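Trainee: The sequence and its predicted three-dimensional model are supplied below.
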Amino acid sequence: MTVKVALTIAGSDSGGGAGIQADLKTFQELEVFGTSALTAVTAQNTQGVHGVYPVSIEGVVAQVRAVLDDFDVKACKTGMLFSAEIITAIATALKEYPPIPLVIDPVMIAKGGQSLLQLEAIQAMKDHLIPLATIVTPNIPEAEVLTGMKIVTDEEIQQAAQVLIGLGAKAVVMKGGHRNDVLEAKDYYVDSEGQSFTLTTPWVHTKDTHGTGCTFAAALTGFLAKGYSLPDAVAESKQFIQAAIENGLRIGSGHGPTNHWAYSKLNQEMN
C-alpha cells in the first residue's frame, strides 16, 4: 500500500480540539500521513483563546518548504493563518511547487468569539490564497466577511458561494452550522463547472462543537489525498464530522471538542 501524505498549515490549539492537533488526528483516522507547518501557537482550551503567538514568516515558510521538498504531498489545507504577511508568504511558497489540491478553511473567529485573523489579512486571503484554492470551506459568518454580504436565506448562500468562485476558487462548500432555528445542518456545494448540491444531516443539540470547521476541512483534505473526487470527498467529510459531533466526548467545561475517532469506529462496527 502506498501511504498518502497530507499537509496542514495552521495554528496550534493547546486544548487539542482544533487547529494542527485536530488536523493531524483526522489525517491519522483516515490512514493518511500528516505533516504540518505551524503558523501560530495559541494558549487555548474549551473556554476560549487566552493568547496568540505567531511564528515568524521565515519559520512558517521554512516549514512548508521542508515538507514539500521531501514528501510527495497529495493534498494540503490551510487553517488559522493570522496575518496578511503569513498569508502572502504561504501563497508565494506554494506557487513554487507543482499544484496540489488545496483546501482553504478561512479561520477567523474561535468558538468563544476571539479573533484569529487580523482584519488586514482578509484582503490578502481574497487576493493571494483563494485564487489558489481547490475548495474553500467557510461557515456563514466567514462567508459574510469574505463577500461583504448578509447571508440568511438559501438564495443568499448560493449567491455568496458564487462570489467566492468569482475570486478564483475552483469550488466552495458553504457550511450551514451557524444558521439559527433549523432542524437540519445543510451544507451547500458548488464548483466552477456548475455542479452543485446540498448535503443535509440532522441537527445535533450540543455545546461540544469546538474544532468542527478544522476537522471537516482536514477530513476533506485527507479524502482528496486518498484520491477521492471533490464531490465525493465533500460528501464523505460531511459523514466524518457528523459522526464526530453526534458522539461527543463531554470533556472540558466550555465548548468541548468533537470525537475524531467516531467515524472510524462506526465504520469498523458496520464491517
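Mentor: Arrived safely. These numbers come from a predicted model, not from an experiment.
Trainee: Run through who's touching stretch 255-271.
Mentor: Residues lying outside stretch 255-271 but in contact with it, judged by Cβ atoms under 8 Å, 6 or more residues apart in numbering, are 15-18, 22, 25-26, 29-30, 46-47, 111-112, 207-212, 215, 219, 239-241, 243-251. C-beta coordinates here come from the backbone N, C-alpha and C atoms, glycine included.
Trainee: Can you select the buried ones from these in ChimeraX?
Mentor: Buried subset of these, written as a ChimeraX selection, criterion 16 or more other Cβ atoms under 10 Å:
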select :15,16,17,18,22,25,26,29,30,46,111,208,209,210,211,212,215,219,240,241,243,244,245,247,248
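Trainee: from the contacts of stretch 255-271, which ones fall inside helices?
Mentor: Counted as lying in helices by DSSP state H, out of the contacts of stretch 255-271, are 22, 25-26, 29, 212, 215, 219, 239-241, 243-246.
Trainee: Any chance of the residues you listed in CSV with distance to Val173 and pLDDT as columns?
Mentor: Listed next are the ones in helices among the contacts of stretch 255-271 as CSV, based on distance: Cβ to Cβ, whole Å; pLDDT from 0 to 100:
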residue, distance to Val173, pLDDT
Ala22, 18, 97
Lys25, 21, 98
Thr26, 16, 98
Glu29, 20, 97
Thr212, 13, 93
Thr215, 14, 97
Ala219, 12, 98
Gln239, 14, 96
Phe240, 13, 96
Ile241, 11, 95
Ala243, 18, 94
Ala244, 16, 94
Ile245, 16, 93
Glu246, 20, 93
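Trainee: now, which of the residues you listed sits nearest Ala84?
Mentor: Nearest to Ala84, judged by Cβ to Cβ, of the ones in helices among the contacts of stretch 255-271 is Ala22 at 24.4 Å.
Trainee: wouldn't that closest one be in contact with Gly11 here?
Mentor: No. The criterion here is Cβ atoms under 8 Å, and Ala22 misses it with Gly11 at 10.7 Å.
Trainee: rewinding a little: want to throw the ones in helices among the contacts of stretch 255-271 into CSV with distance to Val3?
Mentor: Below are the ones in helices among the contacts of stretch 255-271 laid out as CSV (distance: Cβ to Cβ, whole Å):
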residue, distance to Val3
Ala22, 21
Lys25, 17
Thr26, 16
Glu29, 15
Thr212, 27
Thr215, 21
Ala219, 18
Gln239, 23
Phe240, 20
Ile241, 24
Ala243, 24
Ala244, 23
Ile245, 28
Glu246, 29
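Trainee: No further questions, thank you.
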